[in-house]
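[1] the following comprises the amino acid sequence and a computationally predicted model.
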Amino acid sequence: MLDDDVATRRLDDQLRRERFAVDIVNSVNSEAVGRTKSRAPVCDVIVLDSAFRGQDAISICRDLRRRGIATPIVTLAATDSPEQRTAALTAGADDCLTKPFAFPEFLARIHAVSRRAGAARAGVLRVADLTLDARSRRAIRGRRILTLTRTEYAILEILMRHPGELVARGALHRALWGPRTRSISNRLDVHIANLRRKIARAGESPLIRTIWGCGFLIG
């Protein structure tokens, strides 16, 4: 969530109660905006507030789309005008919501754009002889069905949606456990190690690569 409005920040707790992991940004030059603008963001929905400090939401939206970021975007507008909504949608936003708004409506909009994006992403992902069916949530290496934990599957899906691209360690950690958890523990490494062991038997390519100090990639 990208915002600079105290009222909007209150959505944080409400979203967390709905089991969303929320990353709030209050500066256009912040690290989180840089993460969002990277080639492989792992967030499900981006919310841009019109009061964002240093740059307006429509400009940020347009910039993200120019960079090839396909993550669903919802903009929050301060005024209810057809021009504002048209400008947001033209810039590449998936929806535009006027403040003030009731949280149930906001939540419904978030779920709607997330469902549409999920339907677009649904299908079979392949890297070498590793296949992941997002509809059945089943992973297969060659003819071997992999038995994965929920966390292992989530890691594998994130990596396979960005084959050959570096997924930052911190971004992966936040996608799995939320922004408030400590990323210095070794639990991510434990899950990666278990996933590697399940994917690659003796003589098989390991597929998952570690870029030390940066993150992981598959391919």
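    Nice, I can see it. Numbers count the residues shown, from 1 in each chain.

[2] all strands for this protein, in order.
    46-49, 73-77, 95-98, 124-127, 130-133, 138-141, 144-146, 167-168, 208-211, 215-218 (DSSP state E).

[3] need the ones you listed in a markdown table (columns: mean pLDDT and distance to Ile192).
    To be clear about C-beta, it is placed using only N, CA and C from the backbone, and glycine gets the same treatment. Compiled in a markdown table, the strands of the chain are given as follows (pLDDT from 0 to 100; distance: least, Cβ to Cβ, whole Å):
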| stretch | mean pLDDT | distance to Ile192 |
| --- | --- | --- |
| strand 46-49 | 87 | 26 |
| strand 73-77 | 88 | 30 |
| strand 95-98 | 88 | 35 |
| strand 124-127 | 87 | 15 |
| strand 130-133 | 91 | 15 |
| strand 138-141 | 93 | 15 |
| strand 144-146 | 94 | 14 |
| strand 167-168 | 86 | 11 |
| strand 208-211 | 92 | 7 |
| strand 215-218 | 91 | 7 |
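
[4] which ones are touching Glu204?
    Arg141 (Cβ atoms under 8 Å, 6 or more residues apart in numbering).

[5] please repeat the previous calculation with a cut-off of 10 Å.
    Contacts for Glu204 (Cβ atoms under 10 Å, 6 or more residues apart in numbering) come out as 128-130, 141-142, 144.

[6] with Cys61 instead?
    By Cβ under 10 Å, 6+ apart, the residues touching Cys61 are 2, 46, 48, 69, 73-75, 87-94, 96.

[7] hang on, the earlier thing: which one (most neighbours) among the contacts of Glu204?
    Greatest neighbour count in those, by other Cβ atoms under 10 Å, goes to Leu130: 24 neighbours.

[8] what pairs with the closest residue to that one other than its chain neighbours across the strands?
    Leaving out its chain neighbours, the residue that sits closest to Leu130 by Cβ to Cβ, 6 or more residues apart in numbering is Arg141, at 5.1 Å. For Arg141, the beta-bridge partners are Leu130, Arg144 (DSSP bridges).

[9] Arg141 and Asp129 touch, don't they?
    Yes. Counting by Cβ atoms under 10 Å, Arg141 touches Asp129, with 6.3 Å between them.

[10] where does pLDDT dip in this protein?
    1-9, 26-42, 50-55, 68, 118-122, 178-185 (pLDDT under 70).

[11] cutoff 80 now
    For the chain, residues meeting the criterion pLDDT under 80 lie at 1-12, 16, 18-43, 50-56, 65-70, 78-84, 115-123, 134-135, 174-175, 177-185.

[12] helices or strands up against the longest helix along it?
    The longest helix of the chain (DSSP state H) is helix 103-121. Judged by 3 or more Cβ pairs under 10 Å, 6 or more residues apart in numbering; DSSP states H and E, the packing partners of helix 103-121 are helix 11-17, strand 46-49, strand 73-77, strand 95-98.

[13] repeat the analysis, applying 8 Å as the threshold.
    Other elements packing on helix 103-121 under the criterion 3 or more Cβ pairs under 8 Å, 6 or more residues apart in numbering; DSSP states H and E are helix 11-17, strand 73-77, strand 95-98.

[14] which residues sit against it?
    Outside helix 103-121, the residues touching it (Cβ under 8 Å, 6+ apart) are 11, 14-15, 18, 20, 44-45, 47, 70-74, 94-95, 97, 134, 161.
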